[in-house]
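Colleague: turn this into a model:
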Amino acid sequence: MNAIEVRDLRKSYGKQVVLDGIDLDVPEGSVFALLGSNGAGKTTAIHIFSTLVSLDGGEVRVGGHDVRREPADVRRVIGLTGQVSAVDGQFTGEENLRLMADLQHLGRERGRERVQGLLERFDLTEAAHKPAQTYSGGMRRRLDLAMTLLGEPRIIFLDEPTAGLDPRSRRVVWDIVRTLVANGVTILLTTQYLEEADQLASRIALLDGGRIVAEGSAAELKRLVPGGSVRLEFGDLATLDRAAAAIPTGARDDQGLALRLPGGGGVHALRALLDRLDDAAIDVEGLSIKSADLDDVFLSLTGRAHGQEVSR
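Modeller: So this is what the prediction gives:
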């Protein structure tokens, strides 16, 4: 069965089309990653799924409930951790969790057990009695996640769940996600870390220009660009500018004075690329080839690397 079903979802703000008829099926007890460049509509989609934003057209069912006709039923089965923290900095970590327990009507004893268990799970016990405004960014994020889990939701939306966390804290969150899914919880996440989607998600959808341009497992998506990518390095910014004009499909790295391009086509395609630059009297200082990853899929399908702004 599907925990989330989306059909022909549409959303615009004025003349700007944000979601242009997307379809999704998220199976129960799985991790589904929604990836896209900045401004692609990922957060808007999650806000619609969690009933925070109304849709313009289409149908969305979450936990078997229609988000337009049964929003209260949807809210009873979901948890949401957004990019904007729900933590109150004036309260201690424990007080934030107790407040959420009261809002969830957990009862005194059950609420106390859940609060203490989550403080331990998220390594916040020592800081439990300190105001949250004294927490580091990573600690506040862990507290935010703990508040989301307090009511034991069946479906959880995680919008950039590990943004700002150090590698160790990020892996703590990954372990928690895996444990939740093993217990039957469904998770839909957006992330800026492609490794995160690769590690956690059983299925990934790539959102670009308001549409789903590809969907599948990480392995299936990587097979779309079997040649990986080619990185060309140049001696100065002027040369990079000329190369970018000659090869407009390349993703620029101004700091590294480099262009990154899909690497499919083998040796003959690479030789043709270098001949093209040589004919234009553009000197290449360095060249490297790497196997395909999810960023290469973005580059191949959208003409830009993951994280670059969408131009409209």
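
Colleague: only C-alpha atoms from now on, for both contacts and neighbour counts.
Modeller: OK.

Colleague: make sure Ser30 is actually in contact with Thr186.
Modeller: Yes - taking contacts as Cα atoms under 8 Å, Ser30 lies within contact range of Thr186: 5.0 Å.

Colleague: so for these two, which sits in the more crowded spot?
Modeller: Under the criterion of other Cα atoms under 10 Å, the comparison of Ser30 against Thr186 puts Thr186 first, with 27 against 24.

Colleague: for that one, which residues make a bridge with it?
Modeller: Going by DSSP bridges, Thr186 is paired in beta bridges with Ile155.

Colleague: any weak-confidence spans in the stretch 201-312 of the chain?
Modeller: By pLDDT under 70, the weakly predicted segments of the stretch 201-312 of the chain are 226-227, 264-265, 303-312.

Colleague: quick one: the helices in it?
Modeller: 218-222, 237-246, 266-279, 294-302 (DSSP state H, counting those that start in this stretch).

Colleague: separation between the nearest residue to Leu118 once chain neighbours are set aside and Asp8?
Modeller: Leaving aside its chain neighbours, Leu118 sits nearest to Ala146 (5.9 Å; criterion: Cα to Cα, 6 or more residues apart in numbering). For Ala146, the distance to Asp8 (Cα to Cα, to the nearest Å) stands at 33 Å.

Colleague: neighbour count winner among the two?
Modeller: More neighbours surround Ala146 than the other of Ala146 and Asp8, with 24 against 15 (other Cα under 10 Å).

Colleague: tell me the SS of that one?
Modeller: Assigned by DSSP: H, G, I helix; E, B strand; the rest coil, the conformation of Ala146 is helix.

Colleague: which pLDDT value goes with it?
Modeller: Model confidence at Ala146, given as pLDDT, is 88.

Colleague: spit out the contact partners of it.
Modeller: 97, 118-119, 122 (Cα atoms under 8 Å, 6 or more residues apart in numbering).

Colleague: these in helices, which ones?
Modeller: The helices, defined by DSSP state H, take in 97, 118-119 from the contacts of Ala146.

Colleague: list just the nearest of those residues to Ser229.
Modeller: Using Cα to Cα, Leu118 is the member of those that lies nearest Ser229, at 42.3 Å.

Colleague: not counting the lengthiest helix in the chain itself, show me its contacts.
Modeller: In the chain, assigned by DSSP H, the helix with the most residues is helix 167-182. Helix 167-182 is contacted from outside by 29-31, 122, 138, 142, 162, 186-187, 196, 200, using Cα under 8 Å, 6+ apart.

Colleague: quick one, phi psi at Thr92?
Modeller: Here is the backbone geometry of Thr92 (degrees, to the nearest 10): phi -70, psi 170.

Colleague: hey, what's it bridged with?
Modeller: Pro131.

Colleague: pretty sure it contacts Ala128?
Modeller: Yes - under the criterion of Cα under 8 Å, Thr92 makes contact with Ala128 at 6.3 Å.

Colleague: still on that earlier bit, of the contacts of helix 167-182, which is the most crowded?
Modeller: Ile187 (29 neighbours).

Colleague: contact partners for that residue?
Modeller: Ile187 neighbours (Cα under 8 Å, 6+ apart): 29-32, 155-158, 177, 181.

Colleague: turn those residues into a markdown table, including pLDDT.
Modeller: Below are the contacts of Ile187 laid out as a markdown table (pLDDT from 0 to 100):
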| residue | pLDDT |
| --- | --- |
| Gly29 | 95 |
| Ser30 | 96 |
| Val31 | 96 |
| Phe32 | 97 |
| Ile155 | 96 |
| Ile156 | 95 |
| Phe157 | 95 |
| Leu158 | 92 |
| Val177 | 88 |
| Val181 | 93 |
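
Colleague: and those residues, which is closest to Leu232?
Modeller: Phe32 (33.5 Å).

Colleague: can you tell me the element that closest one falls in?
Modeller: strand 31-36 (DSSP states H and E).

Colleague: farthest-separated two in the contacts of Ile187?
Modeller: Most distant of those, by Cα to Cα, are Gly29 and Leu158, 14.7 Å apart.

Colleague: so Ser229 makes contact with Leu294?
Modeller: No - here Ser229 does not reach Leu294: they are 10.8 Å apart, not a contact under Cα under 8 Å.

Colleague: returning to what we had before: ranking the helices of the stretch 201-312 of the chain by burial, who's on top?
Modeller: helix 294-302 (a mean of 23; mean count of other Cα atoms under 10 Å).

Colleague: pull the distance from that one to the chain's centre.
Modeller: 15 Å (Cα atoms, centre = their mean, to the nearest Å).

Colleague: for it, packing partners?
Modeller: The contact analysis (3 or more Cα pairs under 8 Å, 6 or more residues apart in numbering; DSSP states H and E) places helix 294-302 against helix 194-200, helix 218-222, strand 258-262.
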